[in-house]
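# return atomic coordinates for the entry below.
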Amino acid sequence: MHAIIVSAQGGPEVLEYVERPDPVPGDGEIVVDVAASGVNFIDIYQRAGTYQLALPTPMGNEGAGTVSAVGAGVRDVAVGDTVAWANILGSYAEKAVVPAARVVPVPAGVPADVAAAAILQGMTAHYLTHSTHDVREGEEILIHAGAGGMGQLLIQLAKLKGAKVHATVSTSEKEKLARAAGADEVLRYEDFTEALRGKIDVVYDGVGAATFDGGLEVLRPRGLMALYGAASGPVPPVDPQTLNRKGSLFLTRPTLTHYIAKREELLQRASDLFGWIAAKQLTVNISHRYPLADARQAHEDLAGRRTTGKLLLIP
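Model (predicted):
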């Protein structure tokens, strides 16, 4: 089989398209013929060294496909099942070995490539709007990068809960996508701070350094910022007294791992997500599909913010 690995952390050039032996499942593991693998900013952070990994390492954290083999002790997953997973390294591959306890079933109404596109970002949007902060009807929410894959999902879930959604984008074309996802107001990055100062209950920020200070300015007293990514770079250290002075604000840096640590929670979030997709209450915008061998190009396009919606690698 073919897979993408890195032997040294660095730019997109360190992604290697290699041939490897077909995997064999160990105890509690399954092998999946990968239909599609999602491309995410966490992949870039791991490749670049922002998140340290033991090298060499396989790449990719999200995928979906058909089970082709099961290891000893696996009872709830069978050959032929369609499954999806998130936060499991090795998803950039034609075949992936995944712990059976970390996969979720994909219902018949959800295509495998849509499941691969939705599982990581969709469950992230789920915990951000249902657990990090349980969005309430009438709240005013700011979502940065509203035209991206995460942004479009966050907009839709916040609207499902009855919030008024403001979104930031960089171009007119991206504004159309954010509005199509349901955003009530769409602003350019350079305009949002003055336009929204003191009006926002919750800021969802996956951009990081470029938007962080402005995000604190737009929050109402006792408002919350959920900083879930750093597409523009990491945020410098913050004096906690800043949160005091600006209105007893709340700041959190959540990650999906801690919101799906228990299998019951993983299954509930995935079930909700796929249920919304099957019922056409949630749309997943797959904007680009790349052959697996073109992983470098996918990383360059995502990091350069040249894309909208979700990027997939297709073996």
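
# end-to-end on stretch 238-253?
Criterion CA to CA, to the nearest Å; first-to-last residue distance in stretch 238-253 is 12 Å.

# center of the protein - which residue?
Of all residues in the chain, the one closest to the mean position by CA atoms, centre = their mean is Q121, 2.7 Å from it.

# which parts of the chain belong to which domain?
As given by automatic domain parsing, the domain ranges for the chain are 2-120+270-314, 136-253.

# ok, E19 touching A93?
No. Applying CB atoms under 8 Å as the test, E19 and A93 come out as separate, 10.9 Å apart. Where you see a C-beta, it was placed from the backbone N, CA and C, and this is true even at glycine.

# before we move on, the earlier item: now tabulate the domains of the chain in JSON lines and tack on distance to T129.
Output for the domains of the chain, formatted as JSON lines (distance: least, CB to CB, whole Å):
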{"stretch": "domain 2-120+270-314", "distance to T129": "11"}
{"stretch": "domain 136-253", "distance to T129": "5"}
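
# can I get those domains in a markdown table including mean pLDDT, mean neighbour count and distance to E264?
Converted to a markdown table, the domains of the chain look like this (pLDDT from 0 to 100; neighbours: other CB atoms under 10 Å; distance: least, CB to CB, whole Å):
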| stretch | mean pLDDT | mean neighbour count | distance to E264 |
| --- | --- | --- | --- |
| domain 2-120+270-314 | 96 | 19 | 11 |
| domain 136-253 | 97 | 19 | 21 |
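
# give me phi/psi at the closest residue to S91 other than its chain neighbours?
Once flanking residues are discounted, S91 sits nearest to G60: 3.3 Å by CB to CB, 6 or more residues apart in numbering. Dihedral angles of G60 (phi, psi; degrees, to the nearest 10) stand at phi 100, psi 130.

# isn't G60 right next to D43, touching?
Yes. With contact defined as CB under 8 Å, G60 reaches D43; the gap is 6.4 Å.

# next one: the residue nearest to the centre of the chain, what pLDDT does it get?
In this model, Q121 is scored at 96, pLDDT.

# pretty sure it sits in a helix.
Yes. The assignment for Q121 (DSSP: H, G, I helix; E, B strand; the rest coil) places it in a helix.

# relative to V34, how far out is it?
18 Å (CB to CB, to the nearest Å).

# now do the contacts for G151.
143-145, 167, 178, 181, 206 (CB atoms under 8 Å, 6 or more residues apart in numbering).

# ok so it is a strand residue?
No. Assigned with three-state DSSP, G151 falls outside any strand and is helix.

# quick one: it from T66, how far?
Where T66 is concerned, G151 sits at a distance of 30 Å (CB to CB).

# same check on L89?
20 Å.

# same question, L292
Look at L292 and T66: by CB to CB, they are 16 Å apart.

# go on, L267?
For L267, the distance to T66 - CB to CB - is 19 Å.

# for E264, same thing?
25 Å.

# next one: F274
Distance from F274 to T66, by CB to CB: 16 Å.

# swap in R222?
Applying CB to CB to R222 and T66 gives a distance of 48 Å.

# quick check: what element follows the longest strand along the chain along the chain?
The longest strand of the chain (DSSP state E) is strand 29-39. Moving toward the C-terminus from strand 29-39, the next helix or strand (DSSP states H and E) is helix 41-48.

# would you mind getting the angle between that following helix and strand 29-39?
Angle, helix 41-48 to strand 29-39, by axes from the mean of the first three to the mean of the last three CA atoms, to 10 degrees: 100 degrees.

# which strands and helices sit next to helix 41-48?
Contacts defined by 3 or more CB pairs under 8 Å, 6 or more residues apart in numbering; DSSP states H and E place helix 41-48 against helix 295-303.

# give me the contacts around the helix it packs on.
4, 12-13, 15, 17, 39, 41, 43-44, 47, 59, 92, 288, 290, 307, 311, 313.
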